[in-house]
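Enquirer: return atomic coordinates for the entry below.
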Amino acid sequence: MAKSSILVKSKLKKARELIQQGMLIEARDAYERLYASNKSLHEIGLELAVIYRKLGEFNKTESISKKIVNSNPKYAAAHHIYGSALQCLGHMDAAIKEYKKAIELDPKYTEAHYFLGNIYQLTEQHELAVACFEKAIQLKPDFFEAINNLAAVLIELHDPIRAKQALDKALKLQPNSCQLLCNIASLHLMGGNDPDKALFYAKKAHNIDPKFTDAVRLLGEIHYQKPDYNKAMEYYREAYDISRDDKLKGNIAQILERRGEFDEANELVQPLVQSGNRSLPVLMTYSALSRKYNNQREAIELIESSIETSRFDKPSLLNLHSELGKQYDHLQEYDKAFLNYKKANLLDRELNREMEALSDKLDLDNTRTEDIDKWYKDYPAEFWKELPSSENESKRPIFVIGMFRSGTTLCEQIFSSHPDVVGAGELPDINALSSSIGNNKLHDKSPASLANVGQKPLQHAANSYLKTLDTFSTESQNVVDKMPANFFHVGLISRLFPNARIVHMIRDPRDVCLSMYFQRFGGQMTWSTDLIEVADYHLAYQHIMKYWKEVLDIEILDVVYEELMENQEAITRRMLDFCELEWDDACLNFYKTKRDVNTPSYDQVRKPLYKKSIARWKNYEDYIQPMLEKLSASDPLFIRNT
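Expert: Numbers count the residues shown, from 1 in each chain. Okay, the predicted model is just below:
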């Protein structure tokens with residue numbers, strides 16, 4: 001017996017060495033020979049079962065581990081490995097039962113806690129997953145996989161503070177883990193918090209392993225949000241080629257729909273829906289297409305049933321409720337529309353507050369506490385005249401400013417249809433330059449931030465901005481920056497580019513505020529999720545624009561959205577004349593211009609002008625009385641008699 005035992009141990013040692021060398025086939029063969037003559041040695045059987053699992057032979061894993069469980073029901077490891085086999089075979093509930101049994105038999109069984117956390121993560125039972133991963137980490141503080149997966153689940157739960165703590169800890173253990181780098185990228189991408197950092201970490205993971213699907217998919221998502229649809233499409237297709245994950249077809253279809261390639265998008269989405277795919281991109285694209293193919297009722301039913309039967313995270317739910325609001329609005333069922341928009345805003349508000357806890361940036365767009373009246377006294381016209389200028393005479397930038405949802409995307413599309421103009425979308429550069437050259441650290445949108453600015457920083461900032469425009473085109477006469485919130489920075493723009501053209505879009509504040517409430521804008525615009533706060537913001541914006549017109553000598557063209565709807569050609573000619581552009585009929589046919597647009601108006605700028613959005617607020621008058629009361633204090637320039 002002694003010699004036999006020694007021989008078994010020797011063979012087992014050699015078999016384990018094969019595993020360590022990554023020679024799984026050879027290890028499997030050695031274990032099979034060893035186990036065939038030593039059926040009573042359950043440890044060998046379970047090790048063989050694990051090899052089968054690693055080789056994808058899940059039925060064999062199940063067979064061996066089940067026999068051992070039946071033979072020795074108090075063997076914790078047997079229940080654990082049996083559970084892993086069941087999980088691999090898709091029997092999730094049975095797998096959970098086995099993991100729990102293993103933990104019951106051995107409460108300190110670290111791997112069982114970890115595997116149970118994984119299965120809860122896969123089945124989107126996130127709170128339970130967190131508890132399991134935390135227990136595994138408590139038992140093994142340097143358990144990298146558990147720490148990393150904990151961070152991923154906390155990101156899903158939109159708990160950015162705890163997620164960052166876990167990621168920082170994991171980063172010290174395995175700084176070059178591709179999955180960890182992708183998790184860090186996902187955290188920075190959450191709520192649009194820091195897309196540049198997200199891109200950095202996703203690229204780092206991709207450089208380490210170009211075939212790592214999550215990294216490629218993330219690069220697609222980041223470029224989709226930019227928007228750079230060509231790059232996004234390239235990465236999504238690359239990720240699909242690697243993984244053959246049908247969810248990525250939903251991402252591809254979403255881009256096709258946004259580009260107006262409806263038939264191509266529909267060809268991708270229909271089979272996915274029929275196969276039971278209920279991922280967010282599939283549902284959102286199917287619903288958007290339904291307005292093209294007149295099957296909106298089917299889309300509504302699909303989304304509502306999916307919400308009832310699936311476990312969606314908060315960001316997905318808010319997007320789905322927002323889409324339902326849009327559908328019901330199109331069908332003129334305004335009660336149901338407003339109910340869904342309200343649900344979306346409550347979720348959005350909750351998520352934004354969570355992201356604000358992580359961000360070290362102030363909510364600089366919120367001016368309710370800013371005493372703008374003091375600007376007239378503290379920063380009168382003389383203040384601006386005495387400030388240095390960059391002395392940059394470029395007329396290349398066209399700044400389109402105003403409230404969000406005031407028609408800035410339409411304005412940019414009209415300009416971009418001109419052969420001498422390129423649209424750059426909503427550039428963050430002016431806001432960033434305001435922060436970098438200003439001195440006021442508390443509120444860099446205040447004129448105080450420029451009080452001691454010198455000419456050299458202004459020259460450097462102007463040159464830097466023009467280089468950004470060159471990335472969109474080096475040949476076009478003009479480039480349009482349609483960041484609406486640049487209305488905060490008209491003073492800075494006047495110092496950077498005294499000859500720049502500023503086009504100010506004006507739309508009835510009741511329609512603007514309601515439209516903002518119906519859209520999703522991300523973590524820095526929490527005020528847009530509340531009817532009172534969005535009205536306060538609009539009143540502050542009105543006040544700021546009135547201030548600029550009184551103290552600056554830079555030219556600003558007011559374009560009234562409703563007047564553009566009524567007299568398209570006359571207003572378009574006025575816009576082109578103001579920017580010293582020759583007339584071109586393409587500007588009237590702006591909806592034929594092929595370019596990527598990633599704002600809520602992406603579908604509207606592909607259609608001729610229509611007037612149904614004028615006085616839209618009347619459809620919801622009963623729900624928005626507090627907002628209407630606030631806006632009754634609007635400047636006569638803004639309020640429309642409709």
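Enquirer: so which residues of the stretch 151-300 of the chain form helices?
Expert: Ranges of helices within the stretch 151-300 of the chain are 160-173, 178-189, 195-208, 213-225, 229-243, 247-258, 262-274, 280-293, 296-309, based on DSSP state H, counting those that start in this stretch.
Enquirer: should've said the stretch 401-550 of the chain
Expert: Going by DSSP H, counting those that start in this stretch, the stretch 401-550 of the chain shows helices at 408-416, 429-437, 455-470, 490-496, 509-517, 531-551.
Enquirer: in TSV, list those along with mean neighbour count and mean pLDDT.
Expert: Every C-beta, even on glycine, is put in place using the N, C-alpha and C of the backbone. Formatted as TSV, the helices of the stretch 401-550 of the chain follow (neighbours: other Cβ atoms under 10 Å; pLDDT from 0 to 100):
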stretch	mean neighbour count	mean pLDDT
helix 408-416	26	94
helix 429-437	18	87
helix 455-470	17	95
helix 490-496	24	96
helix 509-517	25	95
helix 531-551	20	94
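Enquirer: okay, the ones you listed in JSON lines with distance to Lys618 next?
Expert: Listed next are the helices of the stretch 401-550 of the chain as JSON lines, based on distance: least, Cβ to Cβ, whole Å:
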{"stretch": "helix 408-416", "distance to Lys618": "21"}
{"stretch": "helix 429-437", "distance to Lys618": "34"}
{"stretch": "helix 455-470", "distance to Lys618": "41"}
{"stretch": "helix 490-496", "distance to Lys618": "32"}
{"stretch": "helix 509-517", "distance to Lys618": "9"}
{"stretch": "helix 531-551", "distance to Lys618": "15"}
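Enquirer: of these, which is nearest Leu339?
Expert: Comparing these against Leu339 with Cβ to Cβ, the closest turns out to be helix 509-517 (13.0 Å).
Enquirer: over to Met23: give its phi and psi.
Expert: Torsion angles at Met23 (phi, psi; degrees, to the nearest 10) stand at phi -90, psi 70.
Enquirer: what about it, how many neighbours?
Expert: Residues near Met23, counting by other Cβ atoms under 10 Å, number 14.
Enquirer: ok, now Glu111?
Expert: Neighbour count for Glu111, taken as other Cβ under 10 Å: 20.
Enquirer: let me see the contact set for it.
Expert: 80, 136 (Cβ atoms under 8 Å, 6 or more residues apart in numbering).
Enquirer: next: the one 4 residues further on.
Expert: Under the criterion of Cβ under 8 Å, 6+ apart, the contact list for Phe115 reads 80, 83-84, 87, 99.
Enquirer: ok, these vs Leu317, which is closest?
Expert: Among the contacts of Phe115, and counting by Cβ to Cβ, the member closest to Leu317 is Gln87, at 26.8 Å.
Enquirer: and that closest one, what element?
Expert: Following DSSP states H and E, one finds Gln87 within helix 76-88.
Enquirer: chain center to that helix, what's the gap?
Expert: In terms of Cα atoms, centre = their mean, to the nearest Å, the gap separating the centre of helix 76-88 from the centre of its chain is 37 Å.
Enquirer: just checking, what packs against it?
Expert: Contact here means 3 or more Cβ pairs under 8 Å, 6 or more residues apart in numbering; DSSP states H and E; on that basis helix 76-88 packs against helix 42-54, helix 58-71, helix 92-105, helix 110-122.
Enquirer: for that helix, what is the average pLDDT?
Expert: When pLDDT is averaged over helix 76-88, the result is 96.
Enquirer: same check, this time on stretch 19-39
Expert: Taken as a whole, stretch 19-39 has an average pLDDT of 89.
Enquirer: ok, now stretch 387-399?
Expert: On average, stretch 387-399 scores 95.
Enquirer: what's the answer for stretch 224-241, then?
Expert: Here the average pLDDT along stretch 224-241 is 93.
Enquirer: keeping just the C-alphas, turn that stretch into CSV.
Expert: The C-alpha trace of stretch 224-241 is given here as CSV (Å, rounded to 0.1, in the frame of the first residue of the first chain):
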residue,chain,number,x,y,z
TYR,A,224,-19.9,56.6,-30.8
GLN,A,225,-20.3,59.2,-28.1
LYS,A,226,-17.8,61.6,-29.7
PRO,A,227,-19.4,61.2,-32.3
ASP,A,228,-17.0,59.6,-34.8
TYR,A,229,-19.3,57.0,-36.3
ASN,A,230,-16.8,55.8,-38.8
LYS,A,231,-14.4,54.8,-36.1
ALA,A,232,-17.2,53.5,-33.9
MET,A,233,-18.4,51.3,-36.7
GLU,A,234,-14.9,50.0,-37.3
TYR,A,235,-14.4,49.0,-33.7
TYR,A,236,-17.9,47.5,-33.3
ARG,A,237,-17.3,45.3,-36.4
GLU,A,238,-13.9,44.3,-35.2
ALA,A,239,-15.3,43.3,-31.8
TYR,A,240,-18.0,41.3,-33.6
ASP,A,241,-15.5,39.5,-35.7
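Enquirer: which parts of that stretch are buried?
Expert: Applying a neighbour-count criterion of 16 or more other Cβ atoms under 10 Å, one finds 224, 227-229, 232-233, 235-240 buried in stretch 224-241.
Enquirer: ok, now stretch 58-78?
Expert: Neighbour counts over stretch 58-78 (16+ other Cβ under 10 Å) mark 58, 60-62, 64-69, 75-78 as buried.
Enquirer: could you list the low-confidence segments of the stretch 201-350 of the chain?
Expert: Scanning the stretch 201-350 of the chain for pLDDT under 70 picks out no residues.
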